[in-house]
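Enquirer: following is a predicted model, sequence given first.
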Amino acid sequence: MGTGAQLTVSQFRDPETSLLGLDAEVAARVISAAADVALVVDADGVIADLAFGVGEARRMSLQSWIGQAWVDTVAEDSVSKVKALLEEAGRDSAARAREINHRFEDSPDLPIRYSAVRLADDGRVLAIGRDLREIANLQQQLVGAQQTMEREYARLRHLETRYRLLFQISTEPVLIAETSSDRISEVNPAAAELFGETTDRLVGRNLASVFSTEAWPQMRSMLDEVKVTGASRDVQVGLPFSETTVRASASLFRRESSSFYLVRLNAAGAGGESLAGEDSRLLEVLRGLPDAFVLIDSERRVIAVNGSFLDLAQLATEQQARRASLEDWLGRPGVDLNILMANLREHGSVRNFATVLRGQFGSVEEVEVSGVAATTGTEPCYGFMIRPVISRFDLETPLGGELPSSVQQLTGMVGRVPLKEIIRRTTDVIESLCIEAALEVSGDNRASAAQMLGLSRQSLYAKLRRHGIGDLDGGSSDS
């Protein structure tokens with residue numbers, strides 16, 4: 001605790017009249033009500049009497065002070081303050097208030113702010129103290145709050161520094177504009193270079209002024225769409241006084257109580273051929289492919305899909321797929337996509353990986369996946385072409401219970417069909433081949449074939465019907 005400031009006491013104007021008749025008992029009550037701790041100290045510095053109101057927990061400890069020297073009840077750093085108080089009060093001068101810590105063996109120190117006055121010529125001094133624990137707690141809370149605010153401020157300052165650095169060094173032109181007024185509030189150097197202006201001259205201008213008159217209605221429509229939905233389609237717009245075209249996209253974000261557009265621009269390429277136009281044609285081709293296409297980031301979150309993927313995954317819109325994990329639909333959870341990603345990172349591409357694609361409503365489609373890793377940009381991404389294989393599989397193994405005709409077809413079922421089903425189909429293949437061999441050896445004599453196979457005629461007929469072997473209506477010998 002500090003030593004405190006000089007205590008200024010305003011005296012009564014006419015105490016002899018206003019306090020006339022004030023006896024010792026009344027004075028004791030007044031002092032007890034005004035102080036948290038009041039000590040009467042004799043000329044030798046020994047506590048002769050005391051009154052307090054600092055709680056029952058301290059009662060026995062404080063009562064034990066009577067008969068002790070005041071300096072013996074305080075902490076070592078407060079001894080000099082007690083002596084100074086008694087000395088100043090003994091000189092009948094205004095003693096400066098001091099903060100004194102009383103020590104206890106079984107509990108924390110008790111901080112008290114004391115003022116002292118001389119009571120009589122025999123050297124007795126009255127020390128009136130105020131409990132500082134509540135103030136100390138408030139000070140501690142204030143210090144803690146200040147430290148928390150400083151840490152949070154430092155964190156926000158670091159975040160803003162990183163944001164500013166990324167905003168400035170980004171090669172993609174970016175504008176930030178207020179949604180209420182379309183006024184540009186921030187521009188990065190790439191955007192300033194695109195418009196042929198300095199950032200200072202662009203800040204404060206209206207968005208409409210940086211796009212051509214013909215392009216602004218389309219841009220305005222896109223911004224209105226962003227304000228309603230939070231996202232938008234890309235639009236092709238022109239710049240004023242230039243033949244340059246850019247692809248513009250926008251998103252919405254809030255800062256404090258205001259909302260802003262974040263407008264991203266993709267500039268035209270060399271040779272008069274727009275890079276944005278090339279991207280648009282490529283995107284149009286991918287969206288129209290009959291095979292499913294999906295693009296994911298390094299965290300396996302979906303960036304874009306085409307209509308065929310939506311059909312396979314039983315999704316209504318692309319928004320349902322975006323930012324979700326591809327593992328929600330493709331392959332066995334925790335297995336197939338891990339294998340695909342490991343091979344893509346090691347080899348760069350994967351061909352005809354057999355797996356399944358699960359629909360939103362429970363459908364399961366056997367598919368083949370080919371993938372490629374694109375790691376040349378700042379953020380790696382991975383593209384997959386997903387092709388259903390059920391039509392080709394049906395040509396080799398028709399539905400309706402007909403059997404696979406080769407071991408290759410059976411092993412090709414691994415990963416698509418449960419092991420129990422593969423074993424059942426394998427047993428059926430072997431059984432069918434054995435029956436056909438027995439009929440061939442016996443000259444299509446079913447009785448002999450049944451004997452060779454160790455079956456009764458009835459069992460053989462049942463298996464013939466099950467596998468669709470031979471003409472069961474006649475034409476084969478039974479004897």
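Expert: Everything's here; your move. Residues are numbered from 1 along each chain as shown.
Enquirer: could you use CA atoms for every contact and neighbour count after this?
Expert: OK.
Enquirer: tell me the spacing between the nearest residue to Leu119 once chain neighbours are set aside and Val41.
Expert: In space, and not counting its chain neighbours, Leu119 is closest to Val125: 5.4 Å by Cα to Cα, 6 or more residues apart in numbering. Counting by Cα to Cα, to the nearest Å, the gap from Val125 to Val41 is 5 Å.
Enquirer: residues that sit against both of those two, list them.
Expert: Common contacts of Val125 and Val41 (Cα atoms under 8 Å, 6 or more residues apart in numbering): none found.
Enquirer: and the pLDDT at Ala177?
Expert: For Ala177, the pLDDT comes out at 90.
Enquirer: which residues does Gly45 contact?
Expert: Counting by Cα under 8 Å, 6+ apart, Gly45 touches Ala69, Trp70, Val71, Leu86.
Enquirer: returning to what we had before: these two touch, right, the residue nearest to Leu119 and Tyr114?
Expert: No. Between Val125 and Tyr114 there is no contact under Cα atoms under 8 Å: 11.8 Å.
Enquirer: how far does the host helix or strand of Glu346 sit from its chain's centre?
Expert: Following DSSP states H and E, the helix or strand that holds Glu346 is helix 336-347. Distance of helix 336-347 from its chain centroid, counting by Cα atoms, centre = their mean, to the nearest Å, is 26 Å.
Enquirer: related to what we said a few turns ago, of the contacts of Gly45, which is the nearest to Asp36?
Expert: Closest approach to Asp36 among those (Cα to Cα): Trp70, at 16.5 Å.
Enquirer: tell me, how many residues neighbour the closest one?
Expert: Neighbour count of Trp70, defined by other Cα atoms under 10 Å: 23.
Enquirer: now Thr427
Expert: By other Cα under 10 Å, neighbour count at Thr427 equals 12.
Enquirer: got the contact list for it?
Expert: Thr427 sits next to no residue when contact means Cα under 8 Å, 6+ apart.
Enquirer: against Glu440, how distant is it?
Expert: To Glu440, Thr427 is 20 Å away according to Cα to Cα.
Enquirer: wasn't Arg351 part of a strand?
Expert: Yes. Counting by DSSP: H, G, I helix; E, B strand; the rest coil, Arg351 is found in a strand.
Enquirer: now Ala35: how far from Phe52?
Expert: Counting by Cα to Cα - Ala35 and Phe52 are separated by 7 Å.
Enquirer: out of these two, which sits in the more crowded spot?
Expert: Phe52 (23 against 19).
Enquirer: phi, psi of that one?
Expert: Phe52 adopts backbone torsions of phi -150, psi 160, taken as degrees, to the nearest 10.
Enquirer: pLDDT wise, what is the residue lying closest to it once chain neighbours are set aside at?
Expert: Ranked by Cα to Cα, 6+ apart and with sequence neighbours excluded, the top spatial neighbour of Phe52 is Val37, at 4.2 Å. What the model reports for Val37 is a pLDDT of 86.
Enquirer: identify the bridge partners of Val37.
Expert: On the basis of DSSP bridges, Val37 is bridged to Phe52, Gly129.
Enquirer: what about the residue nearest to Gly470 when sequence neighbours are not counted, neighbour count?
Expert: Spatial nearest neighbour of Gly470, excluding adjacent residues (Cα to Cα, 6+ apart): Leu464 at 7.1 Å. Neighbourhood size, Leu464 [other Cα under 10 Å]: 18.
Enquirer: surely Leu464 touches Arg457?
Expert: No. At 10.3 Å, Leu464 does not count as touching Arg457 under the criterion of Cα under 8 Å.
Enquirer: what ranges do the strands span in the stretch 51-200 of the chain?
Expert: Counting by DSSP state E, counting those that start in this stretch, the stretch 51-200 of the chain has strands at residues 98-102, 110-118, 125-131, 174-178, 184-187.
Enquirer: other SSEs contacting the longest helix seen in the chain?
Expert: The residue-count maximum for a helix in the chain (DSSP state H) belongs to helix 133-169. Under the contact criterion of 3 or more Cα pairs under 8 Å, 6 or more residues apart in numbering; DSSP states H and E, helix 133-169 touches helix 189-195.
Enquirer: contacts for the helix it packs on?
Expert: 168-175, 198-199, 202, 210, 239, 265, 267.
Enquirer: farthest-apart pair in the residues you listed, please.
Expert: Largest separation among these by Cα to Cα: Ile169 and Leu239, giving 22.8 Å.
Enquirer: compare the two and say which is more crowded by neighbours.
Expert: The neighbour comparison of Ile169 against Leu239 (other Cα under 10 Å) goes to Leu239, with 19 against 11.
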